[in-house]
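**Student:** I'd like to go over a predicted model; first the sequence, then the structure.
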Amino acid sequence: MNDSYDAINMNHASDEAAISVVLGLGGTIRIGASALAVSDLTVMFDAITRTGSVQGFADALGLSYRAAWARLQAYETALGRPLVRKTRGHGTALTEFGAALAEAFTAAATTLEAGLGRETRAVEHRLRRLMSGGAGALTLAASHDPLLVEVLAEAMGGEPGAETGIELSVTGSSAAVQRLLDGGADAAGFHCGALTPEAAGAPFSAIHAGAGLVLHPLFEREQGLLLAPGNPRGIRTLADLTGPGLRYVNRQKGSGTRDWFDRMLAQAGLPAAAIHGYSVEEFTHQAVAAVIACGAADAGLGVRAAADRLGLDFLSVGWETYYLAASRSLTSPALDALVAAARRCASCTPGYRAAAADL
């Protein structure tokens with residue numbers, strides 16, 4: 001893997017040093033006794049394709065024309081094939097072999113792009129801490145959970161390393177995981193209902209050790225139907241949600257809670273169209289609870305904690321694990337503090353309980 005560091009301010013007196021890390025395709029091609037760096041070949045292919053000249057290759061490496069030409073000939077000798085051809089009046093272009101090899105490198109870089117983006121964030125975070133003693137805030141894209149929000153706002157105050165900070169971006173479970181996979185977030189908080197991430201399919205099944213990711217089961221939480229105080233509509237089963245005049249309030253599409261509700265409807269043979277209010281969406285458990293508490297809806301799926309806070313009735317449908325995923329190479333006291341605080345609070349909060357060890 002080729003690492004290059006751009007715009008690094010080496011003035012240690014400055015607390016605002018701009019740090020940028022670029023990770024690219026690297027490795028070595030070995031043919032007999034010859035070894036060619038993939039990054040060098042990539043630079044050459046890009047320069048000649050872009051400029052149509054060996055001089056462009058020379059400029060890209062800061063070499064003389066003669067030195068660049070000698071290096072190009074060394075590449076061709078090692079590969080046993082011509083990589084470029086010169087045409088009078090048309091400059092220099094890649095041969096069919098050269099273009100095919102360049103395309104192979106481009107395809108590999110594209111495939112690795114998301115993973116490299118994710119690891120870039122981890123390296124930048126570690127480098128900031130090494131250079132300045134502070135790594136800056138991590139970005140956590142996460143599905144909404146009342147306990148997680150409370151821990152981030154209050155409980156981490158006494159945890160070692162918490163001072164570095166975590167910025168929470170609340171989104172659906174699917175979107176949170178996809179942001180992590182694409183390198184758009186440092187960590188993702190998500191849940192898959194009664195399913196494991198592997199069984200839940202894409203994008204959750206991409207979270208595993210083989211992908212360079214670590215999965216922290218933060219806690220287990222109880223989900224169920226949030227109901228008006230006293231359950232005046234007498235709701236006992238999912239089928240009761242189809243009753244005349246009953247108003248349901250849903251979570252947004254892409255949220256783990258919405259996905260679990262949809263799976264339960266399918267298992268019960270109930271069409272979504274039979275649920276009045278299925279298209280009415282809220283983005284947090286607290287918002288669903290508030291809609292029911294103010295009398296605008298009769299039921300909605302959410303965590304027990306949201307029902308307890310607003311004095312609602314609660315009809316349990318089961319327990320699920322809430323996960324936190326991040327790059328295995330990301331070393332963050334703030335993230336460690338979050339995991340410790342969440343697990344500690346879950347063990348003494350109604351509607352939550354301890355989860356298994358890291359996966």
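**Tutor:** Cool, the structure landed.
**Student:** Name the helix or strand for Gly245, please.
**Tutor:** Under the criterion DSSP states H and E, no helix or strand holds Gly245.
**Student:** Excluding chain neighbours, give the residue nearest to it in space.
**Tutor:** Nearest residue to Gly245, sequence neighbours excluded (C-beta to C-beta, 6 or more residues apart in numbering): His276, at 7.6 Å. Using the backbone N, CA and C atoms, a C-beta is placed for each residue, glycine as well.
**Student:** cool, and Leu312?
**Tutor:** With sequence-adjacent residues excluded and distances taken as C-beta to C-beta, 6+ apart, Leu312 is closest to Leu226, at 5.0 Å.
**Student:** Now that that neighbour has come up, it's in contact with Gly302, right?
**Tutor:** Yes. Contact criterion C-beta atoms under 8 Å: Leu226 and Gly302 qualify, at 4.8 Å.
**Student:** Mutual contacts of these two, please.
**Tutor:** Residues touching both Leu226 and Gly302 by C-beta atoms under 8 Å, 6 or more residues apart in numbering: Val288, Ala289.
**Student:** thought Gln252 was touching Phe283?
**Tutor:** Yes. If you go by C-beta under 8 Å, Gln252 and Phe283 touch, sitting 5.3 Å apart.
**Student:** where exactly do the strands run in the stretch 201-350 of the chain?
**Tutor:** 213-227, 250-251, 281-282, 299-303, 313-327 (DSSP state E, counting those that start in this stretch).
**Student:** Now find how far off-centre the last one is within its chain.
**Tutor:** By that I understand strand 313-327. Between the centre of strand 313-327 and the centre of its chain there are 19 Å (C-alpha atoms, centre = their mean, to the nearest Å).
**Student:** Remind me what that strand packs against, helices and strands.
**Tutor:** Under the contact definition 3 or more C-beta pairs under 8 Å, 6 or more residues apart in numbering; DSSP states H and E, strand 313-327 sits against helix 96-132, helix 173-181, strand 187-191, strand 213-227, helix 256-268, helix 304-309, helix 333-346.
**Student:** Report the residue ranges of every domain in this structure.
**Tutor:** 2-111, 137-359 (automatic domain parsing).
**Student:** could I get those as a markdown table with mean neighbour count, mean pLDDT and distance to Glu119?
**Tutor:** Listed next are the domains of the chain as a markdown table, based on neighbours: other C-beta atoms under 10 Å; pLDDT from 0 to 100; distance: least, C-beta to C-beta, whole Å:
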| stretch | mean neighbour count | mean pLDDT | distance to Glu119 |
| --- | --- | --- | --- |
| domain 2-111 | 14 | 81 | 6 |
| domain 137-359 | 19 | 91 | 6 |
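**Student:** Can you name the residues that contact Arg328?
**Tutor:** Counted by C-beta under 8 Å, 6+ apart, Arg328 has contacts Ala209, Gly212, Leu213, Val214.
**Student:** hmm, try it at 6 Å
**Tutor:** Applying C-beta atoms under 6 Å, 6 or more residues apart in numbering to Arg328 gives the contacts Gly212, Val214.
**Student:** And it, how far from Gly117?
**Tutor:** Noted for Arg328: a distance of 15 Å to Gly117, by C-beta to C-beta, to the nearest Å.
**Student:** before we move on, what about Pro82?
**Tutor:** In terms of C-beta to C-beta, Pro82 sits 35 Å off from Gly117.
**Student:** now Trp319
**Tutor:** For Trp319, the distance to Gly117 (C-beta to C-beta) stands at 34 Å.
**Student:** Look up phi and psi at Pro203.
**Tutor:** Backbone torsions of Pro203, given as degrees, to the nearest 10, read phi -90, psi 0.
**Student:** pretty sure it contacts Leu180?
**Tutor:** No. In this structure, Pro203 is not within contact of Leu180 by C-beta atoms under 6 Å, at 8.8 Å.
**Student:** The residue nearest the centre of the chain: what's it in contact with?
**Tutor:** In the chain, the C-alpha nearest the mean C-alpha coordinate belongs to Leu180, at 1.0 Å (C-alpha atoms, centre = their mean). Taking C-beta under 6 Å, 6+ apart, we find Leu180 in contact with Ala188.
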